[in-house]
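> Dropping a prediction and its sequence here:
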Amino acid sequence: MNFLELVKDRYSCRAYEDRTVEKEKLDYIMECVRYAPSAVNKQPWLFRIVSDAESISKLRQCYHRDWFNTAPLYILVSVLHDQEWVRSDGKRHGDIDIAIATEHLCLAATEQGLATCWVCNFKAALCKELFNLADNEEPAVIIPLGYAADERKDKSRKSIEEITGQSLSCG
């Protein structure tokens, strides 16, 4: 599979099989995350693997959707604000850095035959409280991870001209 095929294969899964994710696949995915680039190589992130029943129960309190409850495990992605790079004009890059690393996670999962979905509209304050996160840690994304029980639906995409503001041609 080439990269474009991989990117087209990845989608936001909304139903998961009741099937365990193999440790080898999870290890591979997290190794891909580990190599994600970040501003000034700060790596201001924490990827919590949420797989035990008690932690899953806590996490499910933070986002109430039936489909969300079908995932066998989750990865809670946090920005560590005291470790993020800050540009001279004050622009903080932690959210950008975790977005890059999180998409590495999603693409690696797809390559391994697994499915994911970005969940950002969750109760972050409750999540911080339930998991007793440090002051510097902001939960930003939850990634359900598992084997898809649904099928990818094609979504419309903007044209190249729309995203570049120009017609592309060589020569």
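Looks like it came in fine. Residues are numbered from 1 along each chain as shown.
> Show me what the longest strand anywhere in the chain is packed up against.
For the chain, the longest strand by residue count, based on DSSP state E, is strand 137-146. Contacts defined by 3 or more CB pairs under 8 Å, 6 or more residues apart in numbering; DSSP states H and E place strand 137-146 against strand 73-80, helix 94-111, strand 115-116, helix 124-130. (C-beta placed from N, C-alpha, C; glycine too.)
> Burial check on the nearest residue to residue 29 once chain neighbours are set aside, number of neighbours?
Of all residues not flanking residue 29 in the chain, residue 108 sits nearest, at 4.4 Å (CB to CB, 6 or more residues apart in numbering). For residue 108, the number of neighbouring residues by other CB atoms under 10 Å comes to 23.
> Just list the residues touching residue 108, thanks.
28-29, 32-33 (CB atoms under 8 Å, 6 or more residues apart in numbering).
> Weed out the non-buried ones from the residues you listed.
For the contacts of residue 108, a burial check counting by 16 or more other CB atoms under 10 Å picks out 29, 32-33.
> Quick one: residues contacting the nearest residue to residue 85 once chain neighbours are set aside.
Distances taken as CB to CB, 6+ apart put residue 39 closest to residue 85, at 4.0 Å, once the chain neighbours are dropped. By CB under 8 Å, 6+ apart, residue 39 lies in contact with 84-85, 93, 96-97.
> Residue 39 and residue 101, how far apart?
Going from residue 39 to residue 101 by CB to CB, to the nearest Å gives 12 Å.
> Out of the helices and strands packed on strand 137-146, the one nearest residue 144 is which?
Across these, residue 144 has its closest neighbour in strand 73-80 (5.4 Å, CB to CB).
> Ramachandran angles for the residue nearest to residue 85?
phi -60, psi 130 (degrees, to the nearest 10).
> distance of it from residue 48?
From residue 39 over to residue 48 the distance is 22 Å, taken as CB to CB.
> ok, now residue 54?
13 Å.
> what's the answer for residue 34, then?
15 Å.
> who has more neighbours, those two?
Taking other CB under 10 Å, residue 34 and residue 48 do not tie; residue 48 has more neighbours (17 against 11).
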